[in-house]
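Undergrad: structure, please.
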Amino acid sequence: MIATLQQLLDSLPEDQRESVKDNLEQRYHQICERLADYMQYDRHLNTFIQSGSQWIADFEVKDLSKPVLDQFNFHLQNTSQWVWAGCILVQDGHVSVHT
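TA: Residues are numbered from 1 along each chain as shown. Below is the predicted model of the structure:
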């Protein structure tokens, strides 16, 4: 599932939405363009979840034909099938992308 821009906005606290809307829209379209390059794979862009003062929307592209192995990153995400992954991060009114 790829979350819509509106779903992303709605998953943020209401008092933060307006201040990040334009920057979030720009980053969202950048991520969606890149996700479109991987149509043959399993693609996800999740809505925001809170982690301390940060709001994180993870995205990933997985090659489901690869075996699932015991390969985990710092966040305990299994990376063995990853082709591309990262997140959109909102913190203190700033929007950034991390891959």
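
Undergrad: mind listing what's buried along the top helix by length along the chain?
TA: As assigned by DSSP state H, the longest helix anywhere in the chain is helix 14-36. Buried residues in helix 14-36, counted by 16 or more other CB atoms under 10 Å: Gln16, Val20, Leu24, Arg27, Tyr28, Ile31, Cys32, Arg34, Leu35. No exception for glycine: its C-beta is placed from N, CA and C like everyone else's.

Undergrad: the third one and Leu8 touch, don't they?
TA: Yes. Contact criterion CB atoms under 8 Å: Leu24 and Leu8 qualify, at 6.5 Å.

Undergrad: if we can go back for a sec, and the helix or strand following the longest helix of the chain, how far out from the chain middle?
TA: Using DSSP states H and E, the helix or strand that follows helix 14-36 in sequence is strand 42-45. Offset of strand 42-45 from its chain centre (CA atoms, centre = their mean, to the nearest Å): 9 Å.

Undergrad: what mean pLDDT does strand 42-45 get?
TA: For strand 42-45, mean pLDDT rounds to 98.

Undergrad: now do the contacts for the residue sitting furthest away from the middle of the chain.
TA: No residue in the chain sits farther from the centre than Pro67, which is 23.0 Å out by CA atoms, centre = their mean. Each residue near Pro67 by CB atoms under 8 Å, 6 or more residues apart in numbering is listed here: Ser80.
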